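**Student:** Here is a sequence with its predicted model. Questions after.
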Amino acid sequence: MNMDEINKNIIIETFRKQFTYYKQLGEQTIEQLTDEQLLWQANEDSNSITMILNHVIGNQLSRFTNFLTSDGEKSWRNRDAEFEKILWTKEETLKRWKIGWECLFAALDSLTEYDLNKIVYIRNIGHSVFEALTRQLAHYASHIGQIIFIGKILRGNEWASLSIPKGNSEQYNTEKFTTPKARGHFTDGYLK
């Protein structure tokens with residue numbers, strides 16, 4: 001294996017860790033909320049957490065089903081319906097959330113270092129596999145950020161921080177800087 005192949009394997013593993021990180025942030029938010037809070041909307045034009053999750057799931061199933069061989073915008077997808085009111089329980093939400101991520105990880109697990117430069121299409125626009133993965137990672141991170149923001153508003157002072165809690169940055173940094181420098185990914189030790 002040459003250095004270029006090693007770097008490409010690291011890229012695939014990095015995508016896996018990043019996607020896993022955002023998946024877990026979403027799950028940790030869902031776990032803190034009630035069924036009613038998952039359905040809460042600020043107003044009629046805003047999306048509930050469940051609506052946002054339904055959109056992410058629909059996107060995952062469309063983009064990652066037959067990832068290397070068919071357009072990422074499947075003819076069977078109804079994107080507009082993803083934003084309609086749905087009355088899922090927390091249990092149903094987590095079950096569906098798992099299905100979307102399983103589809104994504106199955107596609108990611110099937111990739112080899114030789115696939116990163118292959119061209120895949122999303123709405124007839126060609127992307128390298130690397131570009132398509134980057135696009136989806138950014139898309140999911142933005143929506144999971146929305147979910148976390150809504151969750152924090154709804155939980156108020158009962159919110160359990162998903163990162164360094166307010167006021168603990170100095171302590172956290174002190175712990176990090178007392179260990180020797182080492183190569184790693186920021187999610188190492190965090191991912192379940």
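**Tutor:** Looks like it arrived, so ask away. Residues are numbered from 1 along each chain as shown.
**Student:** Now do stretch 172-183, average pLDDT.
**Tutor:** The predicted model assigns stretch 172-183 a mean pLDDT of 83.
**Student:** and the longest helix seen in the chain, what other elements does it pack with?
**Tutor:** The residue-count maximum for a helix in the chain (DSSP state H) belongs to helix 3-32. Helix 3-32 is packed against helix 49-64, helix 90-110, helix 129-155, with contacts defined by 3 or more CB pairs under 8 Å, 6 or more residues apart in numbering; DSSP states H and E. The way it works is simple: take the backbone N, C-alpha and C, and place the C-beta from them, glycine included.
**Student:** who touches the second one?
**Tutor:** Applying CB atoms under 8 Å, 6 or more residues apart in numbering, the set of residues contacting helix 90-110 from outside is 12, 15-16, 19, 23, 26-27, 30-31, 33-35, 38, 50, 53-54, 56-61, 63-65, 67-68, 88, 133, 136.
**Student:** Taking those, please make a PyMOL selection of just the buried ones.
**Tutor:** Remark: buried members of those, expressed as a PyMOL selection using 16 or more other CB atoms under 10 Å:
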select buried, resi 12+15+16+19+23+26+27+30+33+38+50+53+54+56+57+58+59+60+61+63+64+65+67+88+133+136
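**Student:** gap between residue 62 and residue 82?
**Tutor:** For residue 62, the distance to residue 82 equals 10 Å [CB to CB, to the nearest Å].
**Student:** So for the two, which sits in the more crowded spot?
**Tutor:** For residue 62 and residue 82, the more surrounded residue by other CB atoms under 10 Å is residue 62, and the numbers stand at 22 against 19.
**Student:** contacting residues around that one?
**Tutor:** 72-74, 77.
**Student:** List only buried entries from those.
**Tutor:** Neighbour counting by 16+ other CB under 10 Å classes 72, 77 among the contacts of residue 62 as buried.
**Student:** Let me have the contacts of residue 62 in a markdown table, extended by secondary structure.
**Tutor:** Formatted as a markdown table, the contacts of residue 62 follow (DSSP: H, G, I helix; E, B strand; the rest coil):
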| residue | secondary structure |
| --- | --- |
| 72 | coil |
| 73 | coil |
| 74 | coil |
| 77 | coil |
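**Student:** Could you export the contacts of residue 62 as a markdown table, including pLDDT and distance to residue 173?
**Tutor:** What follows is these, written out as a markdown table (pLDDT from 0 to 100; distance: CB to CB, whole Å):
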| residue | pLDDT | distance to residue 173 |
| --- | --- | --- |
| 72 | 96 | 40 |
| 73 | 97 | 43 |
| 74 | 97 | 45 |
| 77 | 96 | 44 |
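**Student:** pull the CA atoms of the lowest-mean-pLDDT helix or strand in the chain into PDB?
**Tutor:** For the chain, using mean pLDDT, DSSP states H and E, the weakest element among its helices and strands is helix 169-177, scoring a mean of 84. Written as PDB, here are the backbone C-alpha positions of helix 169-177 (Å, rounded to 0.1, in the frame of the first residue of the first chain):
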ATOM      1  CA  SER A 169     -13.200  25.500  29.100                       C
ATOM      2  CA  GLU A 170     -10.100  26.300  31.300                       C
ATOM      3  CA  GLN A 171     -10.400  23.000  33.200                       C
ATOM      4  CA  TYR A 172     -10.900  21.100  29.900                       C
ATOM      5  CA  ASN A 173      -7.900  22.800  28.200                       C
ATOM      6  CA  THR A 174      -5.700  22.200  31.300                       C
ATOM      7  CA  GLU A 175      -6.500  18.500  31.100                       C
ATOM      8  CA  LYS A 176      -5.800  18.400  27.300                       C
ATOM      9  CA  PHE A 177      -2.500  20.300  27.600                       C
END
